[in-house]
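>>> Could you look at this predicted model? Sequence included:
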Amino acid sequence: MDTEKLGTPLGKAIIKHTRHKLDAIRFRDDAINKVKKDNYNFGNKRYLYIPFKVSKDSHQKGLKLKILKGSPGDNNTVKTFYLVYWFNGKGLRHLVGNYSQSFGVRECDEYLINLFRTHTDPKTGYWTKDPNITKRDEKRIVEKPDTTIAKGYTVNEVIEAYCGAPIHEEEAERGFRHNNAFPLVETEWVAHSKEEVDKNRVKLDKINQQKLKKHYSLPICKKTSDVRSFPKTCRNPEGQGGKLTYEQVSFCQSSNIAFAILK
């Protein structure tokens, strides 16, 4: 393996310090608790990285404590463990964790031990994997199976199922609307009682009726440019049912014929 391509070995990398070098502190909880942002000069910086007194040949190499300047009047000192390392010739920072009562020196050290074991070469000390890439991959959402894939039913089978006939040993209800919609795709459905379905259907019919009335109450567009106006102020006379009145289409308000005109 060509170790030159893996990066700089631990203990030999020289990381440039900031303009004002900060004194290193011990890697102990009592030392970290004494760190207060009021005791540091931030200048124009929003944060500082305080080094720890650790061995340059150990898994703690490059560990820093980041403190935030915060807003005026805020006495709380936010402290975060960061690991500064070299990978593929670049100086990088890896977020270890926020310092708190549940994540202190012991938890940080255990994290670094595992990180060193899984991301470096034990013989050479080179970083073989980038911890930031590993953390990013762990946060990726696992894709769910595609639930929109059709089951491959024929047209005749779908028509028969719509009429209430079973299809491929699956029970179907007439119209696909009794208690639940018939699953034509691989997906999960939540069962509802007949009372709930009827109640929701009444609400839906009422909403659709209001949409119809609102649409057909609009005047006919006199100019072609007004057809695509937004929000709509008139109806397209050349469209399907464009010149009909609300009373003329109210008889089909429970079907899909009138609503197709609204699309």
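Looks like it arrived, so ask away.

>>> my guess is residue 116 is in a helix, correct?
Yes. Looking at residue 116 with DSSP: H, G, I helix; E, B strand; the rest coil, it is inside a helix.

>>> And for it, the neighbour number?
19 (other C-beta atoms under 10 Å). C-beta here means a position set from N, CA and C on the backbone, and glycine is covered the same way.

>>> so residue 131 touches residue 83, yeah?
Yes. Applying C-beta atoms under 8 Å, one finds residue 131 in contact with residue 83, separated by 7.3 Å.

>>> which neighbours do the two share?
Residues touching both residue 131 and residue 83 (C-beta atoms under 8 Å, 6 or more residues apart in numbering): 94, 115.

>>> Can you tell me the SS state at residue 77?
Assigned state for residue 77: coil (three-state reduction, three-state DSSP).

>>> scratch that, residue 106
Three-state assignment for residue 106 (three-state DSSP): helix.

>>> could you check the distance from it over to residue 44?
Distance of residue 106 to residue 44, given as C-beta to C-beta, to the nearest Å: 35 Å.

>>> and these two? which has more neighbours close in?
The residue with more neighbours, out of residue 106 and residue 44, is residue 106; 9 against 5, by other C-beta under 10 Å.

>>> can you pull out the strands in the chain?
Secondary structure of the chain, counting by DSSP state E: strands at 47-51, 63-68, 79-87, 90-98.

>>> In TSV, list these along with mean pLDDT and mean neighbour count.
As requested, the strands of the chain are exported to TSV (pLDDT from 0 to 100; neighbours: other C-beta atoms under 10 Å):
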stretch	mean pLDDT	mean neighbour count
strand 47-51	94	17
strand 63-68	95	20
strand 79-87	94	20
strand 90-98	93	15
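
>>> Lowest-scoring secondary structure element of the chain by mean pLDDT?
helix 256-262 (a mean of 45; mean pLDDT, DSSP states H and E).
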